[in-house]
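> Fold the following and give me the result.
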Amino acid sequence: MPVFRQVAGEIRRIEVSSGDTLVSIGARVGVPWRVLAERNKLDNPNRIYRGQVLEADTRRIVPAVLDEGLVVNVPEAALYRFETGVFTARFTVGLGRPQSPTPVGSFTVLQKERFPGAPAPVTLLAELETEADIARRKVNPDAGSSLGELWIQLSSWGYGIHATPFAATLGQFLGYGSIRAAPTVVSDLYAWVNYGTAVEVVYHPVKLAVTPAGEIWAEAHGDVYGQGFPDTAEVLEALREGAPGGRVDEERLWDVLVARRGVAQLVGEVPAPNGTAGAANPLAEVASAEAAAQWRCLDCPPGARRRVTFQLQARAPLQLPNPYPLRILNDANLVVFRPQMVAQATVDLARGEQRNFVWEVRDTDGQPLPPGSYAAVVEFIDAGGTRQVLSLPLWVGK
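This next block holds a predicted model:
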C-alpha cells in the first residue's frame, strides 16, 4: 500500500441551479451524492432547490504513480493528469460495471480517432450497448459507433476513452470497461495526449499520504470490483513504514475505513524533532511550495480594464522554468489559458525578489473568458530541484 505526499482539493460552496440533483452535482464535483447529503444534513436528498448553497469536500490524495501521463484509480472513479512530475488536473469518470470491469494495469495511447459528425448516443442504453459491442469484438469504434466524435484508443483493443452526454453517470460503474468522461474533458484530453502517452489504471480503495508539513491523511472508497479491502491493521502497518514516528488517531482512521466517504481526511501527524508537527518534519525532503514562495494577485477581481497582475515573491532562491509559467484553470480543472509562445530559458529569483505577470483575462485563443470561478496556477523549481505549484482562486465577473 503506497504512501503518497500530496492532498489536493478544497471545501467548496456550490449554488444549486435549475435541473440540478444531488447525483448530478456529485458527478460534476466528484463527490458521492450520499456524502453530499450527509455533509449538508439533508433529510430528503431529493428535495433541493434552485439557489440553495451546498458544501462539498473535494479533497483527495493524489495517486502519483506516474510523472507524465494519466492515472485512473478505479474505486474512486477518478482520472488524474500529471505533467513533468506535477499533478495538474482531476476528472470524474465513468467505468465498467463489476461484471465487465475496466482493466487494471499499465497502458499507452495507441491512437486518436476523430469521426466528423459522429452521432452522440440517444439514450444511455444505446451508449452501453455500443460500448459492450466494441469491448466484445475488441476493436476500436467507427464513425457509426454513436459514442461521439472523439475516441482515444488504449493499448488494450476494445477499450478507450470517450465522451458521454449523460453527466449523471459519471462517478458510476455502468459501462463495459472503457473510460467515459464529460465531453469537455475528453476534448481537453484528446488535445493533450499523443501516441505513447502512459495511462496507468490502479485499484486503491484506500489511499494514504504524508504531506511535507507532516500531516497524515487517509481516504477510503468502496471495493467496487471485490478485489479486497485492507483492514485497520494493514493500514497502520503501511503508515508505520511510510511515516515512521507518526502519531495516528486510530479512532478517526477506523471511521474513515468504515464510512468509505471517498474524501481525504486528516488522521494524524509526524512530529518534528523538537516534538511538534509541521514544516520541520524530517520526512519533508523539500520545503512546501508556500515556504518557498508567495503567490498573490495585485488587482483581483479583474476590473473594467479586464486585466490582472499576479506577483510571485521568492521566500527562498527558486527558478522559473520559463519567463511566464502561468496557467488558468476553470472550475472543472480544465486549462483555459496557457502561454503559447514562451522562450524556454529559465529565470532565477533570489530570496525576496519579486516577478509580476500581467494577464489580459483571455483564453489561449485570445477570447474573453466568461464570468465564473477560476484558479491561477504558477509553477517553479525550488532550491532542492523539485517542481512546485501554487494556486489561488480568481473570480471573473461580467
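> Residue 140 is in contact with residue 160, correct?
Yes. The criterion here is Cβ atoms under 8 Å, and residue 160 meets it with residue 140 at 6.6 Å. C-beta: built from backbone N, CA, C; applies to glycine.
> give me every residue that touches residue 356.
Counting by Cβ atoms under 8 Å, 6 or more residues apart in numbering, residue 356 touches 298, 309, 310, 311, 312.
> what bridges to the fourth one?
This means residue 311. Beta-bridge pairing of residue 311 under DSSP bridges involves residue 296, residue 356.
> Next, the contact list for it, please.
Residue 311 is in contact with 294, 295, 296, 297, 298, 354, 355, 356, 357, counting by Cβ under 8 Å, 6+ apart.
> Where does the prediction get shaky in the stretch 151-300 of the chain?
For the stretch 151-300 of the chain, the stretches flagged by pLDDT under 70 are 272-288.
> same thing but at 90, please
Applying pLDDT under 90 to the stretch 151-300 of the chain flags residues 157-158, 167-169, 184, 210-215, 240-246, 269-294, 296-300.
> so where do the strands sit in it?
Secondary structure of the stretch 151-300 of the chain (DSSP state E, counting those that start in this stretch): strands located at 160-163, 173-175, 179-181, 198-202, 206-210, 215-220, 247-248, 265-269, 293-297.
> Just the C-alpha atoms of the fourth one, please, in CSV.
Think strand 198-202. Taking Å, rounded to 0.1, in the frame of the first residue of the first chain, the C-alpha atoms of strand 198-202 are listed here in CSV:
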residue,chain,number,x,y,z
ALA,A,198,1.2,6.5,-20.5
VAL,A,199,-2.1,5.5,-18.9
GLU,A,200,-1.9,3.7,-15.5
VAL,A,201,-5.1,2.1,-14.2
VAL,A,202,-4.8,1.3,-10.5
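> now that strand, how far from the chain's geometric center?
Strand 198-202 sits 14 Å away from the centroid of its parent chain (Cα atoms, centre = their mean, to the nearest Å).
> so what secondary structure elements neighbour that strand?
Packing partners of strand 198-202 (3 or more Cβ pairs under 8 Å, 6 or more residues apart in numbering; DSSP states H and E): strand 69-73, strand 105-114.
> Report the angle between that strand and strand 69-73.
10 degrees (axes from the mean of the first three to the mean of the last three Cα atoms, to 10 degrees).
> Touching strand 198-202 from outside, list them.
Contact partners of strand 198-202, identified using Cβ under 8 Å, 6+ apart, comprise 63, 65-66, 68-74, 102-109, 154.
> and that strand, which residues are buried?
For strand 198-202, the neighbour count (16 or more other Cβ atoms under 10 Å) marks 198, 199, 200, 201, 202 as buried.
> Just put these in JSON lines and tack on distance to residue 249.
Formatted as JSON lines, those follow (distance: Cβ to Cβ, whole Å):
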{"residue": "198", "distance to residue 249": "36"}
{"residue": "199", "distance to residue 249": "36"}
{"residue": "200", "distance to residue 249": "31"}
{"residue": "201", "distance to residue 249": "32"}
{"residue": "202", "distance to residue 249": "27"}
